[in-house]
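Engineer: attaching a predicted model along with its sequence, questions to come.
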Amino acid sequence: MRRAALRRLLPFVLSAGVGVASFSCGITIVPAPDQGGQVDAKARLVVKEANGIQVAVQSMAWRYDPYYLEDYFTPLLVFIRNKTDAPVSIAYDDFVMVDDKGNQFNAVGPQMVDRAVRRSGYGAGYGYPPPYYPPAMNAPFPPYGYEPYSYRYADVLMLGLQETKVVPHAQVRGFVYFQEATVEGRQLTVTVSLAGTSQEFHFTIQR
């Protein structure tokens with residue numbers, strides 16, 4: 001029954017166009033086995049349910065712009081289904097990540113992530129000198145192959161999980177952006193606290 005339920009959930013989680021990717025620095029985050037719930041190691045997905053609230057957490061799912069987001073943050077794709085008859089409130093404070101060294105990493109709202117990436121001075125449209133067009137050149141596109149952030153990197157805002165209320169028998173999904181969490185530890189525990197119930201999701205960092 002658990003495998004059948006996971007197969008039904010997977011197409012929905014992945015229907016946003018999210019695949020399994022790898023960090024450019026060679027770090028991989030995979031679900032820890034034997035943690036309860038439903039674990040799909042291939043999809044890097046963990047699904048758990050408590051008191052009618054189903055939560056799925058998928059690692060290594062970011063393959064959007066900016067491509068270097070994982071250099072500054074640790075994004076996880078989160079799916080929440082409210083099976084109860086009461087609304088469930090979602091706030092970024094409901095998500096906390098801790099590594100095996102005792103370091104805590106908090107969830108950061110998409111707007112703050114957007115501002116941080118804009119100021120990073122790294123990537124397309126940032127850290128480059130102003131475009132230069134030779135006098136005889138009539139280029140229909142920006143030189144160096146880049147465009148301003150606002151045109152290319154709206155994915156951070158559009159795909160981020162929003163603070164909201166999930167009405168009864170409805171579902172939401174989106175990326176939760178944590179402070180960069182893959183520097184020191186080898187194990188990550190993500191705690192999701194909704195409707196008075198906390199669920200833990202365990203992941204391993206592979207280098």
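Structural biologist: Cool, got the structure.

Engineer: can you pull out the helices in this protein?
Structural biologist: Assigned by DSSP state H, the helices in the chain fall at 2-14, 110-118, 149-152, 155-159.

Engineer: least reliable of those by average pLDDT, please.
Structural biologist: Mean pLDDT per stretch puts helix 149-152 lowest among the helices of the chain, at a mean of 48.

Engineer: ok, Thr84 to Asp40 distance?
Structural biologist: Distance, Thr84 to Asp40, using Cβ to Cβ, to the nearest Å: 25 Å. Every C-beta, even on glycine, is put in place using the N, C-alpha and C of the backbone.

Engineer: ok, these two, which is more surrounded?
Structural biologist: Asp40 (18 against 14; other Cβ atoms under 10 Å).

Engineer: test my guess that Met60 contacts Arg44.
Structural biologist: Yes. Using Cβ atoms under 8 Å, Met60 is in contact with Arg44, at 5.0 Å.

Engineer: hang on, isn't Gln199 packed against Val192?
Structural biologist: Yes. Gln199 is within contact range of Val192, at 5.2 Å (criterion: Cβ under 8 Å).

Engineer: any residues in contact with both of these two?
Structural biologist: Overlap of the contact sets of Gln199 and Val192 (by Cβ atoms under 8 Å, 6 or more residues apart in numbering) consists of Val55.

Engineer: can you count the residues close to Asp65?
Structural biologist: For Asp65, using other Cβ under 10 Å, the count is 17.

Engineer: what's the answer for Val167, then?
Structural biologist: Around Val167 there are 12 other residues, counting by other Cβ under 10 Å.

Engineer: quick check: closest non-adjacent residue to it.
Structural biologist: Excluding its sequence neighbours, the residue lying closest to Val167 (Cβ to Cβ, 6 or more residues apart in numbering) is Pro87, at 5.4 Å.

Engineer: would you mind measuring from the one you found to Thr204?
Structural biologist: For Pro87 relative to Thr204 (Cβ to Cβ), the value is 34 Å.

Engineer: please report how far Glu49 lies from Asp155.
Structural biologist: Counting by Cβ to Cβ - Glu49 and Asp155 are separated by 29 Å.
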